[in-house]
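Student: here is my input, please return the structure:
(chains A and B)
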Amino acid sequence: MASKNLVIVESPAKAKTIEQYLGKDYEVRSSFGHIRDLPKKGLNIDIEHDFAPTYEVSADKKKVVAELKKAAATREVWLASDEDREGEAIAWHLTQALKLDPAKTKRIVFHEITKPAIEQAIVNPRVIDINLVDAQQARRVLDRLVGYELSPVLWKKVRTGLSAGRVQSVAVRLIVEREREIRDFKPVVSFRVTARFTVNGSELPAELNIKLADKEAARPFLEACTGETFTVSNVAKKPGTRSPSAPFTTSSLQQEASRKLGFSVRQTMSLAQRLYEDGKITYMRTDSTNVSAIALDATEKYIKQQFGEQYHKRRQYQTKTAGAQEAHEAIRPTDASRLEAGADSQQQKLYRLIWQRAVASQMAEAKIDRTEITIKLANRSEFFVAKGEVLVFDGFFKVYGGNKDDVILPDVKAGQTLELRELLATETFSRSGARYSEASLVKKLEELGIGRPSTYAPTISTIQTRGYIEKTDLEGEERQVCVLSLDSKVVKETTRSEITGADKNKLVPTDMAEVTTDFLVKYFGDILDYDFTANVEGDFDAIAEGKKQWPVMIKEFYKGFHPLVEKSELASREEASQARELGKDPVSGKPIIARYGRYGAMLQRGEATDEEKPDFAPLPEGSKLETVTLDQAIEMFKLPRTVGKTAEGKEILADIGRFGPYIKVDKLFVSIKPLDPTTITESEARELYEAKLKKEAEKHIKEFDSGLKVLNGPYGPYITDGKKNARIPKTTDPVSLTEAEAKKILAEAPAKKRFTRRKK
DNA sequence: CAGTGAGCGAGCTTCCGCTTGACTT
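Tutor: Residues are numbered from 1 along each chain as shown, chains lettered A, B, ... in the order given. The predicted structure is shown next:
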């Protein structure tokens, strides 16, 4: 018998759980998120008529909507999408698509998937809050206007196919600005003084209370210490505590999984999705640290049983994030006593992390005894400080963090004299802000209230696939560090080298990102402003509270925004391309310019006039539009360069192509990576050329009179007529292949696949 | 597989946020 009620939620995994709680009178189905949206093609906003949007059922939701419609026909419908702006809009769109009366259809909400929460929701239905729906429409329309009016400007001024938007353009800007800070950063040098004392046979490491400015200050200080007396002036003992962190939200999960497990944000989300679908964790796209009372009770029971009363402390965490909508719980295990879950080792690691964080969040503080010993000098005002830390109660460290070793200091009393064993002054360099990783960028966006849990991972992908950002490992450079040491009353100077600036898996902007960001900031400063989202969120809140009409808000915004679009259309390509004159060519006297062209960053020698065409060259490997120098550019214009001749007397040319540096003899190209085409010698070139010839020769297995060739390719032997290739089956010996057989294989082979190459 | 860069014209690209699978060489 068919049930009388149809409950519609957003997620199918949720539907399954809720159906169990509600019993046979209720069928629970899911909408799979939004079902209607503005069509992808075209603006679909009637600017002249109160910005009226045109919606359509999304292509991938046609089937879902048709099925829901059928199911709704004979039942009472309960709209149970999430209780936030987007969820309310989904409920409203469902009434439109299913032809329900929004004023009469039952709307229910819950923040946790527990039996009491669902039962409570069912007895308290309301109707759709149209103000909240309007706030969502305002959000949607604003994002469409910004995205679809800004992007075409970039197609004209920078590069075709580019994109801009309220979220992605700010994400790119953050990375561009951080990179420039690093580029312009001048480290400040100072000297850190460390000492090793002995007392009653034990060691006491300590550090000077101040840093010394330079070697000229450090050396006399060390010298002065030879005649010093070191006395303990104070021993301070302070008890301290460490409290656990809140359970995970999407953003904090992404950060910790990146830091502790090395997962990318996308990887973390997909692993979490699987754990969620298996019912092992709660929903993974959330901005809330809230935990249901049932889960708190279960965690309490687990902690008390496992570790004892003193390890438990019930806590509710306040969600501090700007603009948090708190439609879901924090990410936690669905069963606190389940220590392991997950189908593979990665899922298991992520589950373990979620479990640890959630359980730890309900545990007692760790207690730490801190000791601070002050050591004064008889004749100087500077003093040394030794810090000790002993864990006296591990508390939540039992399950999460806290694998730091104790620093135990020897027992000393004020007035005791210490013997100096070692004294070092080590040069230190101040550091610039760190490059963003995927996870730290998400953290920053969350702080700014930009983007939502469901969009962090896709945003990071977008700015990479659009070619704004690259994820790279940076090598770093060696630098010399000066160390002064006191050795039997004499100050000795040594240097050791260290690597600086090495970075792994960090986000670095491309030239295109720098050019685009500068253009957007110049013409659309307000929208690229870090506070823009926070400001419009205020307006959305006013709409949600019924204090403002959404078309009024959008009209005000558009009145300021659209003229900027028109103004930006007047910018010259030259201006957008950031042309920068590096200097004059010493030979011709023509200006050499670095700029961003239609195909990317490039160098130009001479101006384009009616009589003259300029020369062009690519940027040297690894250099940037903003930092390339005149000398580097001059070298690039020396290409292609005649390196010399082969043993047979053929000319060897060196140049840089799309695939890096190469040499060319007749029509044969030979990659010379990592050699430099401006400096490669004739003998180096000959060696590479001959090696290539040998390899080419090995490639040929046989050739028939008709021109059919049997070659050795990277995937094994194959037949080619120059146009079409065909793999030779493993059962056939390529050497004894006859011409007729070869023809047959080639004719039967599938047609050449056409790869649609994405523009990079 | 080893260029190009002006401007014209065709027709294309593009946003953010909510959900999963269907895909991959």
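Student: pretty sure A:Ser577 is touching A:Ile593, no?
Tutor: No - A:Ser577 lies out of contact with A:Ile593 (Cβ atoms under 8 Å); the separation is 9.6 Å. From N, CA and C alone the C-beta is placed, and that goes for glycine too.
Student: mutual contacts of those two, please.
Tutor: Common neighbours of A:Ser577 and A:Ile593, counting by Cβ atoms under 8 Å, 6 or more residues apart in numbering, are absent.
Student: show me which residues of the stretch 201-350 of chain A are close to DNA strand B?
Tutor: Proximity of the stretch 201-350 of chain A to DNA strand B (Cβ under 7 Å from any atom of the strand) is limited to residues A:Gln273, A:Tyr276, A:Glu277, A:Tyr283, A:Arg285, A:Gln325.
Student: quick one: which two of those residues are the most distant?
Tutor: Among these, the pair separated by the greatest distance (Cβ to Cβ) is A:Glu277 and A:Gln325, at 22.8 Å.
Student: more crowded one of those two?
Tutor: A:Gln325 (18 against 13; other Cβ atoms under 10 Å).
Student: that one contacts A:His111, doesn't it?
Tutor: No - with contacts counted by Cβ under 8 Å, A:Gln325 stays clear of A:His111, the gap being 10.4 Å.
Student: check the closest residue to A:Asp666 other than its chain neighbours and give its pLDDT.
Tutor: The spatial neighbour of A:Asp666 that comes closest, neighbours along the chain excluded (Cβ to Cβ, 6 or more residues apart in numbering), is A:Lys650 at 6.3 Å. On the pLDDT scale, A:Lys650 is placed at 83.
Student: and for A:Met1?
Tutor: 53.
Student: swap in the one 3 residues further on?
Tutor: At A:Lys4, the pLDDT value in this model is 92.
Student: ok, it touching A:Ala71?
Tutor: No - A:Lys4 lies out of contact with A:Ala71 (Cβ under 8 Å); the separation is 11.9 Å.
Student: re the thing from before, the residue nearest to A:Asp666 and A:Val665 touch, don't they?
Tutor: Yes - A:Lys650 is in contact with A:Val665 according to Cβ under 8 Å; the separation is 5.2 Å.
Student: look at those two and report which has more neighbours.
Tutor: A:Val665 (20 against 11).
Student: which regions of the stretch 551-700 of chain A sit below the pLDDT cut-off?
Tutor: Applying pLDDT under 70 to the stretch 551-700 of chain A flags the ranges A:610, A:658.
Student: strands along the stretch 1-150 of chain A, start to end?
Tutor: Secondary structure of the stretch 1-150 of chain A, counting by DSSP state E, counting those that start in this stretch: strands at A:5-9, A:26-30, A:36-37, A:45-46, A:52-53, A:56-57, A:76-79, A:106-107.
Student: which strands or helices does the fifth one pack on?
Tutor: In this structure, strand A:52-53 makes packing contacts with strand A:45-46, helix A:130-157, judged by 3 or more Cβ pairs under 8 Å, 6 or more residues apart in numbering; DSSP states H and E.
Student: and these as CSV, adding distance to A:Ile527?
Tutor: Output for the helices and strands packed on strand A:52-53, formatted as CSV (distance: least, Cβ to Cβ, whole Å):
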stretch, distance to A:Ile527
strand A:45-46, 17
helix A:130-157, 6
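Student: before we move on, the earlier item: distance of the residue nearest to A:Asp666 from DNA strand B?
Tutor: According to Cβ to the nearest atom of the strand, to the nearest Å, A:Lys650 stands 17 Å off from DNA strand B.
Student: spatially nearest residue to A:Tyr283 (excluding sequence neighbours)?
Tutor: Excluding the flanking residues, the one nearest A:Tyr283 by Cβ to Cβ, 6+ apart is A:His328, at 4.7 Å.
Student: any idea which element that neighbour lies in?
Tutor: Per DSSP states H and E: A:His328 is located in neither a helix nor a strand.
Student: quick one on the thing from earlier: between the helices and strands packed on strand A:52-53, which one is closest to A:Ala89.
Tutor: Of the helices and strands packed on strand A:52-53, nearest to A:Ala89 by Cβ to Cβ is helix A:130-157, at 3.7 Å.
Student: after the closest one, next one along is what?
Tutor: helix A:168-184.
Student: quick one: buried residues of that following helix?
Tutor: Of all the residues in helix A:168-184, those buried under the rule 16 or more other Cβ atoms under 10 Å are A:Gln168, A:Ser169, A:Val170, A:Ala171, A:Val172, A:Arg173, A:Leu174, A:Ile175, A:Val176, A:Arg178, A:Glu179, A:Ile182.
Student: next: stretch A:557-574.
Tutor: Neighbour-count burial for stretch A:557-574 [16+ other Cβ under 10 Å]: A:Phe557, A:Tyr558, A:Phe561, A:Leu564, A:Val565, A:Ser568.
Student: so where do the strands sit in the stretch 451-600 of chain A?
Tutor: With DSSP E, counting those that start in this stretch as the criterion, the stretch 451-600 of chain A has strands at A:469-474, A:477-487, A:490-500, A:503-509, A:580-584, A:591-597, A:600-605.
Student: per-residue pLDDT, the most centrally placed residue in chain A?
Tutor: With distances taken as Cα atoms, centre = their mean, the residue of chain A nearest its centroid is A:Glu438 (1.8 Å). On pLDDT, A:Glu438 comes in at 97.
Student: surely A:Arg686 touches A:Thr646?
Tutor: Yes - if you go by Cβ under 8 Å, A:Arg686 and A:Thr646 touch, sitting 6.0 Å apart.
Student: still on that earlier bit, quick one: which of the residues of the stretch 201-350 of chain A next to DNA strand B is nearest A:Arg144?
Tutor: Top of the list for closeness to A:Arg144, among these and by Cβ to Cβ, is A:Gln325 at 20.6 Å.
Student: dump the residue contacts of that closest one.
Tutor: Contacts of A:Gln325 by Cβ under 8 Å, 6+ apart are A:Asp84, A:Arg85, A:Asp287.
Student: measure the last one to A:Gln604 for me?
Tutor: Applying Cβ to Cβ, to the nearest Å, the value for A:Asp287 to A:Gln604 is 48 Å.
Student: same check, this time on A:Asp344
Tutor: Per Cβ to Cβ, A:Asp344 is found 53 Å from A:Gln604.
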